[in-house]
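# Let's see this in three dimensions:
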Amino acid sequence: MRAELDATDWRILKELQTDGRITNVALAARVGLSPPPCLRRVRALEEAGLIRGYHAELDTALTGFEVTAFTSVRLHAQGEPDLREFEKQILMWPLVREAYMLSGDMDYMLRCVAPDLPAFQEFVLGKLTALPNVASVKTTLVLRQAKYDPGVPISIPEK
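Here you go, the predicted structure:
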């Protein structure tokens, strides 16, 4: 169910999505509130689940993860227990950074990072394709990131 938000809530979300480390005082000034009500609104947005967390965005290459790949996975069986078992496995693999269940020809799309091509190959051949329910795996290596804009495209509603 979609949350009912006013323009101030949307401004808070937009500012926090841009800079999760902004101080409450600076955030309050940007959205036109005093700090105490601003903090109450942020806490309410967190408690409602609209803000799921805060994290530092790391540079993959500078941290030693030179390879990013998108991996499409098709399963032999797609019953709910089969899907849960596959998801349980991918949750244990640190190289899998995102995973989406899909409709269409493939069942899952994984975004993976690895230090190098041999490490990624070892993951694909030694772990992913070794799962008994995996029918096929197709990988696409990222050559360059053309855009990265996490979150959602927020436009502030008019009053």
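# Please tell me how far the residue nearest the centre of the chain sits from Gln89.
Residue closest to the average C-alpha location in the chain (Cα atoms, centre = their mean): Glu98, at 5.8 Å. Noted for Glu98: a distance of 15 Å to Gln89, by Cβ to Cβ, to the nearest Å. In this view, the C-beta of every residue, glycine as well, is placed from N, C-alpha and C.
# ok, now Val67?
21 Å.
# So which of the two has more stuff around it?
Val67 (20 against 15; other Cβ atoms under 10 Å).
# Enumerate every residue touching the residue of the chain most remote from its centre.
Here the centre of the chain is the reference, and by Cα atoms, centre = their mean the most remote residue is Ser34, at 31.8 Å. Contacts for Ser34 (Cβ atoms under 8 Å, 6 or more residues apart in numbering) come out as Ala28.
# What does the pLDDT read for Val134?
For Val134, the pLDDT comes out at 98.
# Show me what it is bridged to.
Per DSSP bridges, the residues bridged to Val134 are Leu75.
# State the distance from it to Phe86.
On the measure of Cβ to Cβ, Val134 and Phe86 end up 8 Å apart.
# buried residues in stretch 87-98?
Residues of stretch 87-98 classed as buried by neighbour count (16 or more other Cβ atoms under 10 Å): Ile90, Leu95, Val96.
# Closest one of those to Ala29?
Distances from Ala29 to these, taken as Cβ to Cβ, are shortest for Val96 (39.9 Å).
# For that closest one, give me phi and psi.
Dihedral pair for Val96: phi -80, psi 110, per degrees, to the nearest 10.
# Quick check: closest non-adjacent residue to Arg21.
Distances taken as Cβ to Cβ, 6 or more residues apart in numbering place Tyr54 nearest to Arg21, at 7.7 Å, with adjacent residues excluded.
# for Gly20, same thing?
Tyr54 (4.4 Å).
# From Gln17, how far off is that neighbour?
Taking Cβ to Cβ, one finds Tyr54 at 11 Å from Gln17.
# between those two, which one's more packed in?
A count of neighbours by other Cβ under 10 Å puts Gln17 above the other of Tyr54 and Gln17, at 15 against 9.
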